[in-house]
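In: Need coordinates for the below:
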Amino acid sequence: MIRITHRMHLLLSLTLGLGIMTSSMPTRAAAAEEDVSQNDPPRWYQQDDTPKKHYRNLLKEARAAYAQSLQECKALKGMDAKNCRHEARENHAADKARAQRILKLLSNQQPTSMTS
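Out: Residues are numbered from 1 along each chain as shown. Predicted coordinates for the structure are as follows:
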């Protein structure tokens, strides 16, 4: 009889432990479903033919992603919300740094005008 009780206790402990671990893990928001009933905005087809325009576009996308992340964090409470906002800030900073690197790379690749 003691052996059965011990097994039940062990099983209960493992179940509770896994439940606590799972609930403390950060949750990832799923991607929003795509609305195909509307046409693409015309700006999607305007070329960003200069490094500066491309950079501004990357920053605009980074700000939009940051705003969306913060919006998703509002559904969370307590430390989960705090961690979510922190992760959103880190991702935003990484996106901006990436945009800077791309601007630098594209600016270095631009042909310089040669004057005689």
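In: Output the contacting helices and strands for the longest helix along the chain.
Out: Ranked by residue count and defined by DSSP state H, the top helix of the chain is helix 78-109. Packing contacts for helix 78-109, counted by 3 or more Cβ pairs under 8 Å, 6 or more residues apart in numbering; DSSP states H and E, involve helix 51-73. For the C-beta atoms, the positions are set from N, CA and C on the backbone; glycine is no exception.
In: between the helix it packs on and helix 78-109, how big is the angle?
Out: Orientation check (axes from the mean of the first three to the mean of the last three Cα atoms, to 10 degrees): helix 51-73 against helix 78-109 gives 170 degrees.
In: what is the mean pLDDT for helix 51-73?
Out: The average pLDDT within helix 51-73 is 94.
In: returning to that earlier point: would you mark the buried spots in the longest helix of the chain?
Out: In terms of neighbour count (16 or more other Cβ atoms under 10 Å), helix 78-109 has its buried residues at Asp80, Cys84, Ala88, His92, Asp95, Ala99, Leu103.
In: cool, stretch 56-69 as well?
Out: Buried residues in stretch 56-69, counted by 16+ other Cβ under 10 Å: Leu58, Ala62, Tyr66, Ser69.
In: what's in contact with it?
Out: For stretch 56-69, the external contacting residues (Cβ atoms under 8 Å, 6 or more residues apart in numbering) are 29, 48, 84, 87-89, 91-92, 95-96, 98-99, 102-103.
In: please redo it, this time with the cut-off set to 10 Å
Out: Here stretch 56-69 makes contact (Cβ atoms under 10 Å, 6 or more residues apart in numbering) with 29, 32, 43, 46, 48, 50, 84-85, 87-89, 91-100, 102-103.
In: Ala93: what's it in contact with?
Out: Contact analysis of Ala93 by Cβ under 10 Å, 6+ apart lists Ala62, Tyr66.
In: what about this protein, any weak spots by pLDDT?
Out: For the chain, the stretches with pLDDT under 70 are 1-37, 43, 48, 111-116.
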